[in-house]
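Undergrad: this one's structure only:
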C-alpha cells in the first residue's frame, strides 16, 4: 500500500501524515515500485547507460498502472490527463547526457493514455545542484524557483486541465512539487506525478 498522493509505502492506502499536514502541489502519484534492487538497474541503465528502449518499457508499464487504477466514473479530474510534461533538465546537463530520460518516457507514455506531450512547456529557470547529492532537508530549498513556463509557451492547454508530470525517480518529491506548483500557478487544475521508481523513506 502507498499514500495516494506521494506514493510513500505505508501500511494502508490512505494519505500519509506528511501529505495530510503539508500536501505537495501535485495531487496524486503513480509509481511502478521502489527504487531498490533489482528495479533501480533499469533506471540507471536508461539514465546513465543510454539504453533508450527501456523508456518505452517504463512508459508502457506506467500507462498500464494508470489504466488499472480505480476511479469514480463521475470524477472527471482523476481521468486521463490532457497533457504529459517531463521534468526538464538544465541545458548543461542535457548537453552532457544527450537526452532527457524523463522526456523519453513521457513522449512514449502520452499516446498510450490519449494525451498530448510537450517537451519544452516547462523549463529550468536556473541550474541546481544534483538532488541526489543533497540531504533531504536541503532538497526543497535547492529546487525553489528552479522551474518556469517557457516564454514562448502557449498556456491555453493548461487552463483547467489535468497534467501528468513525468520523472524517472522520486525521492523526497521536492522536484515534482516545485514543478507542479508552477503548472498550477499557470492554470492546471490537477497534476498527477507519473514516476518510474520511488525511494522508500529511511527506516
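TA: Here it is on my side, so go on. As the structure is a computational prediction, the values presented were derived from the model and not from experiment. Numbering: from 1, shown residues only.

Undergrad: Just after the worst-scoring helix or strand of the chain on mean pLDDT, pick out the following helix or strand.
TA: Across the helices and strands of the chain, mean pLDDT, DSSP states H and E gives its lowest value to helix 136-143, namely a mean of 62. Later in the chain than helix 136-143, the nearest helix or strand by DSSP states H and E is strand 147-149.

Undergrad: Now do the strands in this structure.
TA: Here the chain has its strands, by DSSP state E, at 28-34, 83-86, 116-117, 122-124, 147-149, 162-170, 190-198.

Undergrad: Could you dump the ones you listed into a markdown table and include distance to residue 19?
TA: Backbone N, C-alpha and C define where each C-beta goes, glycine included. Formatted as a markdown table, these follow (distance: least, CB to CB, whole Å):
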| stretch | distance to residue 19 |
| --- | --- |
| strand 28-34 | 10 |
| strand 83-86 | 22 |
| strand 116-117 | 27 |
| strand 122-124 | 23 |
| strand 147-149 | 21 |
| strand 162-170 | 13 |
| strand 190-198 | 12 |
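
Undergrad: Including mean neighbour count, mean pLDDT and distance to residue 47, could the ones you listed go into CSV?
TA: Output for the strands of the chain, formatted as CSV (neighbours: other CB atoms under 10 Å; pLDDT from 0 to 100; distance: least, CB to CB, whole Å):
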stretch, mean neighbour count, mean pLDDT, distance to residue 47
strand 28-34, 19, 96, 15
strand 83-86, 26, 96, 13
strand 116-117, 16, 94, 19
strand 122-124, 20, 92, 17
strand 147-149, 19, 92, 19
strand 162-170, 25, 96, 6
strand 190-198, 26, 96, 10
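
Undergrad: Among the ones you listed, which comes closest to residue 61?
TA: strand 28-34 (5.4 Å; CB to CB).

Undergrad: Direction included, what does the closest one pair up with?
TA: Strands that pair with strand 28-34, judged by DSSP bridges, come out as strand 190-198 (parallel).

Undergrad: quick one, the strand it pairs with and strand 162-170 angle?
TA: 20 degrees (axes from the mean of the first three to the mean of the last three CA atoms, to 10 degrees).

Undergrad: What residues does the residue nearest the centre of the chain make contact with?
TA: The chain has residue 166 as the residue nearest its centroid, 3.4 Å off, counting by CA atoms, centre = their mean. Residue 166 makes contact with 62, 84-87, 102-103, 105-106, 109, 193-195, according to CB atoms under 8 Å, 6 or more residues apart in numbering.

Undergrad: How much space separates the residue nearest to it when sequence neighbours are not counted from residue 81?
TA: Excluding the flanking residues, the one nearest residue 166 by CB to CB, 6 or more residues apart in numbering is residue 106, at 4.0 Å. Distance of residue 106 to residue 81, computed by CB to CB, to the nearest Å: 11 Å.

Undergrad: Also residue 103?
TA: The value you get for residue 103 to residue 81, if CB to CB is used, is 16 Å.

Undergrad: Kindly report the same for residue 50.
TA: From residue 50 across to residue 81, the span is 27 Å (CB to CB).
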